[in-house]
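*Asks:* sequence plus predicted model, see below.
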Amino acid sequence: MSTENITNVSDSETAHNKSPNNWRQYFSFNTDHKVIGVQYMVTTFVFFLIGGLLAMLIRGELITPESNLVDRPLYNALFTIHGTIMIFLWIIPFNAGLANYLVPLMIGARDMAFPLLNAISFWMIPPAGILLISSFLLPNGPAQSGWWSYPPVSLQIPPGQMINGELFWIVSLLLIGISSIMGAVNFVTTIFWMRAPGMTFFRMPVFVWSVFSAQLLQLINLPSLTGALVLLLFDLNFGTNFFKPLEHGDPIIYQHLFWFYSHPAVYIMALPAFGIFAEVLPAFSRNPLFGYRSLAIATLGIALVSIFVWVHHMFTSATPGWMRMTFMATSMLVAVPTGVKAFGWTATIWKSKLHLETPMLFAMGGAAMFIFAGITGVMLAATPFDIHVHNTYFVVGHFHYVVFNTITMAIYAAIYFWFPKITGRMYAEGWGKLHFWLTFLGANLTFLPMHPLGLQGMVRRISSYDPQFQGWNVIASLGGFLLGVSTLPFIANVVGSWLYGTRAVNNPWHATGLEWTTTSPPPQDNFTEIPVVKRPPYDYGDPKYSVIEHSDREDPV
């Protein structure tokens, strides 16, 4: 398959692949959605590397039971900034960048609805990240209260320190939140109003459905976190008492405001990953996506139910019994539309002749590990079990099986899958498979041992522990170091292939998405003419969307 992907490039394709791809445009204020998408993806990957380095320091500390690598305040800062980077500066904005590049191509649009707003949304990310990381240079270091920053712990700042790590953390997240809200407005408007003629809602790819659902969640839920951060900022620096228990404030209110966004944020991160699986699995199994309409509806169902599950993070926070029971039921209900998705993925590849290229390996690996994450998620939705393992490494293991073993694996699948479309070059398949196996092995070695550790009672966020837990921690730390090493062949592959890789044809995978009907990389306006779509997606009776005619129409359909 790989040989077929890189041969028979037509003269027109070769000419286009040699068209200007000026690297300087990626450092400029550019309103082209494709440039902005690459800016997002590359910038957030740099933050991913920084967050991964902090994780390796954390795992280095936990090799031995004694706290002997970094002091405890620094350890607290490491896991606080690590978690913040990985969620708010890696997964969420990377997904925004991928969607920025693909959504207009997938729906037959020229660009996003608001190109200028799109560029502003991106350019708020670098200063937010720099501000957060620069807090390591402050006299007392960065914030140390976790990526959730619960008061009153987050308010325990020595008097007179107006400039502190917690302030940097709050301002950074406010910038990221404003960027995300602007991006959500852009995505929802684009998908709703800028689809090509014939691109009805139930002809949109599931990836577009996933982006649409995730961005609706951003619009509905993110303002609660923004409001909580503003109130926390006022408590911290301006003498208010919203969350100070000794001043009749209520820190539990902060938890409600925080988790009202931050639990749906898991689905804001995961839904695009599910959409990636829905694009990659059919392409490499040569089967139509099983149950397309059901998967599209399930995507909206996950988004809807996820709005009503936030209290399951607070079962131990003096939550009344009726609330525990209600949110236990809603938390378990998420498994229904999620199970529909898992069934659809499985049925798609069932009894197929699989083409095990690198994107398929990452998609299958991520989907398989998500099944395990889903099982432990249902366990944690049960109030009695959640109370038993609350604040232990079982929760850490479950969470990382979602955010790394599922979502980051899906991101890697997406990078390899759309790499020829973005760059016009093919990556090195051997290096890609090496990257997969190092990542898959490292991910399971790192996060699987956390489940027995949690069941045995090891609490999270500590730098020293009972020696009985050392064996599992050594395995987890070795896995963490292997994950760090796994990024090296990936970086070498991507950079080397982008510069010197073999030129790719327009549709190397014989995929069905509308984005594969244009050149690689796409021209400035995406399509020579606006296509008119007459077939549903994933129709493998035709090697691509069937375009019956072209139109210069740019008005919404």
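*Replies:* Arrived safely, thanks for sending.
*Asks:* show me what contacts the residue positioned nearest the centre of the chain?
*Replies:* When CA atoms, centre = their mean is applied to the chain, the residue found nearest the centroid is residue 91 (3.1 Å). Contacts for residue 91 were tallied using CB atoms under 8 Å, 6 or more residues apart in numbering; they are 269, 403, 407-408, 411. For the C-beta atoms, the positions are set from N, CA and C on the backbone; glycine is no exception.
*Asks:* top of the residues you listed by number of neighbours, please.
*Replies:* Within the contacts of residue 91, residue 407 tops the neighbour count with 28 neighbours, counted by other CB atoms under 10 Å.
*Asks:* my read is that one is in a helix, agree?
*Replies:* Yes: assessed with DSSP: H, G, I helix; E, B strand; the rest coil, residue 407 lies in a helix.
*Asks:* and the closest residue to it other than its chain neighbours, what does it touch?
*Replies:* Nearest residue to residue 407 in three dimensions, chain neighbours excluded: residue 273, at 4.5 Å (CB to CB, 6 or more residues apart in numbering). By CB under 8 Å, 6+ apart, the residues touching residue 273 are 95, 366, 370, 406-407, 410-411.
*Asks:* could you redo the last one with a cut-off of 10 Å?
*Replies:* Neighbouring residues of residue 273 by CB atoms under 10 Å, 6 or more residues apart in numbering: 91, 95, 207, 210, 214, 267, 363, 366-367, 370, 402-403, 406-411, 413-414.
*Asks:* of these, which belong to helices?
*Replies:* Counting by DSSP state H, the contacts of residue 273 place 95, 207, 210, 214, 267, 363, 366-367, 370, 402, 409-411, 413-414 in helices.
*Asks:* so residue 219 touches residue 181, yeah?
*Replies:* Yes: contact criterion CB atoms under 10 Å: residue 219 and residue 181 qualify, at 7.0 Å.
*Asks:* shaky segments in this protein?
*Replies:* Residue ranges of the chain with pLDDT under 70: 1-21, 539-557.
*Asks:* all strands of it, in order?
*Replies:* Along the chain, the segments classed as strands by DSSP state E run 530-533, 547-551.
*Asks:* one step back: which of residue 219 and residue 181 has more residues huddled nearby?
*Replies:* Remark: of residue 219 and residue 181, residue 181 carries more neighbours, 17 against 14, as counted by other CB under 10 Å.
*Asks:* my guess is that one meets residue 226, correct?
*Replies:* Yes: the pair residue 181 / residue 226 is scored as a contact, 7.6 Å apart, by CB under 10 Å.
*Asks:* residues near residue 308, how many?
*Replies:* Residues near residue 308, counting by other CB under 10 Å: 17.
*Asks:* how close does the residue nearest to it when sequence neighbours are not counted sit to residue 295?
*Replies:* Nearest residue to residue 308 in three dimensions, chain neighbours excluded: residue 330, at 4.7 Å (CB to CB, 6+ apart). Going from residue 330 to residue 295 by CB to CB, to the nearest Å gives 21 Å.
*Asks:* just how off-centre is stretch 83-94 within its chain?
*Replies:* Offset of stretch 83-94 from its chain centre (CA atoms, centre = their mean, to the nearest Å): 7 Å.
*Asks:* same deal with stretch 352-360?
*Replies:* With CA atoms, centre = their mean, you get 23 Å for stretch 352-360.
*Asks:* same thing with stretch 311-323?
*Replies:* Worked out by CA atoms, centre = their mean, stretch 311-323 lies 28 Å from the chain centre.
*Asks:* residues in contact with that stretch?
*Replies:* Contacts for stretch 311-323 (CB under 10 Å, 6+ apart): 148, 150, 251-252, 255-256, 258-260, 262-263, 324, 326-328, 330-332, 334, 377, 380-387, 390-391, 395.
*Asks:* could you dump it to PDB, C-alpha only?
*Replies:* Only the C-alpha atoms of stretch 311-323 are listed here, as PDB (Å, rounded to 0.1, in the frame of the first residue of the first chain):
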ATOM      1  CA  VAL A 311     -20.700  16.400  40.600                       C
ATOM      2  CA  HIS A 312     -19.200  12.900  40.300                       C
ATOM      3  CA  HIS A 313     -15.900  14.700  41.000                       C
ATOM      4  CA  MET A 314     -17.400  15.900  44.300                       C
ATOM      5  CA  PHE A 315     -18.800  12.800  45.900                       C
ATOM      6  CA  THR A 316     -16.500  13.300  48.900                       C
ATOM      7  CA  SER A 317     -17.200  17.100  49.100                       C
ATOM      8  CA  ALA A 318     -20.100  17.000  51.600                       C
ATOM      9  CA  THR A 319     -22.400  16.200  48.700                       C
ATOM     10  CA  PRO A 320     -25.900  15.300  49.800                       C
ATOM     11  CA  GLY A 321     -27.100  11.700  49.200                       C
ATOM     12  CA  TRP A 322     -29.800  12.700  46.600                       C
ATOM     13  CA  MET A 323     -27.200  14.500  44.600                       C
END
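*Asks:* what residues sit buried inside that stretch?
*Replies:* Neighbour-count burial for stretch 311-323 flags 311-315, 319 (criterion: 16 or more other CB atoms under 10 Å).
*Asks:* cool, stretch 417-432 as well?
*Replies:* Applying 16+ other CB under 10 Å to stretch 417-432 flags 417-428, 431-432 as buried.
*Asks:* one more: stretch 294-308?
*Replies:* 295-296, 298-308.
*Asks:* out of the residues you listed, who's nearest residue 278?
*Replies:* residue 295 (6.2 Å; CB to CB).
*Asks:* what number of residues lie near the residue nearest to the closest one when sequence neighbours are not counted?
*Replies:* Ranked by CB to CB, 6+ apart and with sequence neighbours excluded, the top spatial neighbour of residue 295 is residue 344, at 4.8 Å. Counted with other CB under 10 Å, residues neighbouring residue 344 total 21.
*Asks:* was I right to think residue 344 contacts residue 294?
*Replies:* Yes: the criterion here is CB under 10 Å, and residue 344 meets it with residue 294 at 6.7 Å.
*Asks:* these two touch, right, the residue nearest to residue 308 and residue 305?
*Replies:* Yes: using CB under 10 Å, residue 330 is in contact with residue 305, at 6.4 Å.
*Asks:* which members of the buried residues of stretch 417-432 are positioned in helices?
*Replies:* 417-423, 431-432.
*Asks:* turn these into CSV, columns for distance to residue 195.
*Replies:* As requested, those are exported to CSV (distance: CB to CB, whole Å):
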residue, distance to residue 195
417, 22
418, 20
419, 26
420, 25
421, 20
422, 22
423, 26
431, 37
432, 33
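*Asks:* pick out the most distant pair among those.
*Replies:* So, those by CB to CB: farthest apart are 421 and 431, at 19.0 Å.
*Asks:* that older thread, how far away is the residue nearest to the centre of the chain from residue 445?
*Replies:* 21 Å.
*Asks:* for residue 79, same thing?
*Replies:* Relative to residue 445, and taking CB to CB, residue 79 is found at 19 Å.
*Asks:* and residue 208, by the same measure?
*Replies:* 35 Å.
*Asks:* and those two? Which one has more around it.
*Replies:* Using other CB under 10 Å as the criterion, residue 208 and residue 445 rank with residue 208 on top: 28 against 18.
*Asks:* got the contact list for that one?
*Replies:* 99, 102-103, 106-107, 187, 190-191, 195, 199, 201, 275, 279, 296, 299, 513-514, 537.
*Asks:* try it again with 8 Å
*Replies:* Neighbours of residue 208 in contact, by CB under 8 Å, 6+ apart: 103, 106-107, 191, 275.
*Asks:* please apply the same query to residue 76.
*Replies:* 144-145, 461.
*Asks:* from the contacts of residue 91, pick the one nearest residue 111.
*Replies:* Nearest member of the contacts of residue 91 to residue 111, counting by CB to CB, is residue 411, at 23.5 Å.
*Asks:* neighbours around the residue nearest to the closest one when sequence neighbours are not counted, how many?
*Replies:* Closest residue in space to residue 411, ignoring its immediate chain neighbours: residue 94 at 6.1 Å, by CB to CB, 6+ apart. Neighbours of residue 94 under the rule other CB under 10 Å: 26.
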